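S.K.: when you get a sec, could you give me coordinates for this:
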Amino acid sequence: MRRIPATIVTGFLGAGKTSLVRHLLAHAGGRRIALVINEFGELGIDRELLLGCGDAGCGEADVIELANGCICCTVAEDFLPTIERLLARPQPPEHIVIETSGLALPKPLVQAFAWPEVKARATVDGVVAVIDAAALAAGRFAADPEALAAQRAADPALDHDNPLEEVFGDQLACADLVVLNKTDLLAPAALDEAECQVRARLRPAVKLLRAEAGAVPPALLLGLAAAAEEDLAARPSQHDLAGTHDHEDFESFVVARGPIADPAGFLERVGAVIAAHDVLRLKGFLDVPGKEFRQVVQGVGARLQHYFDRPWRAGEERLTRLVVIGRKGLDRAAIAAALGG
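M.R.: A predicted model of the protein is given here:
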């Protein structure tokens, strides 16, 4: 019996994973795809964004949210039972796409496909790592980990704990395909430099693609046939020996409020809040009076995107809802007050 292929989409917060999956759905060509998404926070924004893609083949039952914590840490309790239920459907999906949270390590998910309950019926077609090219060019992650380690050892005043660097490295080490996203935000020379930094950290034969807004043709994302669960030894992880994966450096919370009569002014306020409170990511929906469609807002650092995605459904409560993600210690009261929550 043919094993159902699964694609794991990983990447740091705001890299563009959801945009990539939305584009995939919109160009799926009738292929039956099931999505498993791991929202970071208390509000299933990513699930709502994907359901608003307008693709007739992407129904409520085909978008499954796992919100009980990072799925790389809840493999046995949450992730594996979900995959088993998908495989046991009378009409199982033709392909499974798994969108991880920004903090997830891909290797534990790949390992799960080697478990007897799954191995005979599914295989990891490939691990896709999505990278924010502009963030990389700004020096968010070191291109040379050994040089960074030497610098830290020489200067005791430096912070020796940078879990984001480790997670980023693990995501690249496990990847079969890397998508350097948001390339339109960089000048050609800076983009070439960012690509060189990434290529220097990749395993042999791993492909790298440039993309804008996650627009990668499905033919390049699906059908990699990597069988990654059979190739674990070639995917080294800094966390293989650590045994734990700490997420305590981050927190998230939801701001809910009423209609936004002045969307432009509100977006300016959102930008000011992100800058003032070092918010890593902000995403959600606005209720704009007089508009049939809900307005999506996504913020990564100083960059804000906004667009109308789908009409408000009959009987659906129109609310403005935003999830705020940042490092531990966010001033929730000040942020909520500034956003009018």
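S.K.: so how far is residue 318 from the closest residue in space to residue 112 that isn't next to it in sequence?
M.R.: Among residues not flanking residue 112 along the chain, residue 75 sits closest, at 5.0 Å (C-beta to C-beta, 6 or more residues apart in numbering). The way it works is simple: take the backbone N, C-alpha and C, and place the C-beta from them, glycine included. Applying C-beta to C-beta, to the nearest Å, the value for residue 75 to residue 318 is 37 Å.
S.K.: need the helices for the stretch 1-150 of the chain, in chain order.
M.R.: 17-26, 45-51, 80-87, 106-112, 116-119, 133-137, 145-154 (DSSP state H, counting those that start in this stretch).
S.K.: now do the biggest strand by length in the chain: distance to the chain's middle.
M.R.: The residue-count maximum for a strand in the chain (DSSP state E) belongs to strand 122-132. For strand 122-132, the distance from its own C-alpha centre to the chain's C-alpha centre is 11 Å (C-alpha atoms, centre = their mean, to the nearest Å).
S.K.: state the paired neighbours of it in the sheet, together with their directions.
M.R.: strand 4-11 (parallel), strand 177-181 (parallel) (DSSP bridges).
S.K.: with distance to residue 106, mean neighbour count and mean pLDDT as added columns, please give the ones you listed in TSV.
M.R.: Compiled in TSV, the strands paired with strand 122-132 are given as follows (distance: least, C-beta to C-beta, whole Å; neighbours: other C-beta atoms under 10 Å; pLDDT from 0 to 100):
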stretch	distance to residue 106	mean neighbour count	mean pLDDT
strand 4-11	5	26	94
strand 177-181	12	25	95
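S.K.: would you reformat these as CSV and include distance to residue 313?
M.R.: Putting those into CSV (distance: least, C-beta to C-beta, whole Å) gives the following:
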stretch, distance to residue 313
strand 4-11, 27
strand 177-181, 30
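S.K.: picking that back up, lowest average pLDDT across the helices of the stretch 1-150 of the chain?
M.R.: For these, mean pLDDT drops lowest on helix 145-154, to a mean of 45.
S.K.: check residue 239 and give its pLDDT.
M.R.: 64.
S.K.: which strands or helices does the helix or strand harbouring residue 282 pack on?
M.R.: Assigned by DSSP states H and E, residue 282 belongs to strand 279-286. Counting contacts by 3 or more C-beta pairs under 8 Å, 6 or more residues apart in numbering; DSSP states H and E, strand 279-286 packs against helix 45-51, helix 263-277, strand 293-300, strand 320-327.
S.K.: one more pass at 7 Å, please.
M.R.: helix 263-277, strand 293-300, strand 320-327 (3 or more C-beta pairs under 7 Å, 6 or more residues apart in numbering; DSSP states H and E).
S.K.: neighbouring strands of the last one in the sheet, and parallel or not?
M.R.: By that I understand strand 320-327. Going by DSSP bridges, the partners of strand 320-327 are strand 250-257 (antiparallel), strand 279-286 (antiparallel).
S.K.: buried residues, that strand. List them.
M.R.: 320, 321, 322, 323, 324, 325, 326 (16 or more other C-beta atoms under 10 Å).
S.K.: before we move on, what about the second one?
M.R.: Buried residues in strand 293-300, defined by neighbour count with 16+ other C-beta under 10 Å: 294, 295, 296, 297, 298, 299, 300.
S.K.: and of those, the nearest to residue 11?
M.R.: residue 300 (11.6 Å; C-beta to C-beta).
S.K.: and the pLDDT at that closest one?
M.R.: 67.
S.K.: repeat for residue 14
M.R.: 76.
S.K.: before we move on, back to that, out of the strands paired with strand 122-132, the one nearest residue 103 is which?
M.R.: strand 4-11 (10.0 Å).
S.K.: and the closest one with helix 17-26, angle?
M.R.: 150 degrees (axes from the mean of the first three to the mean of the last three C-alpha atoms, to 10 degrees).
S.K.: now find how far off-centre strand 4-11 is within its chain.
M.R.: With C-alpha atoms, centre = their mean, you get 12 Å for strand 4-11.
S.K.: show residues contacting that strand.
M.R.: 17, 20-21, 87, 92-93, 95-100, 102, 104, 106, 109-110, 113, 121-131, 171, 221-222 (C-beta atoms under 7 Å, 6 or more residues apart in numbering).
S.K.: coming back round to it: in the longest strand of the chain, which residues are buried?
M.R.: In strand 122-132, counting by 16+ other C-beta under 10 Å, buried: 122, 123, 124, 125, 126, 127, 128, 129, 130, 131, 132.
S.K.: go through the residues you listed and say which is closest to residue 202.
M.R.: Once C-beta to C-beta is applied, the member of these that ends up nearest residue 202 is residue 129, at 9.2 Å.
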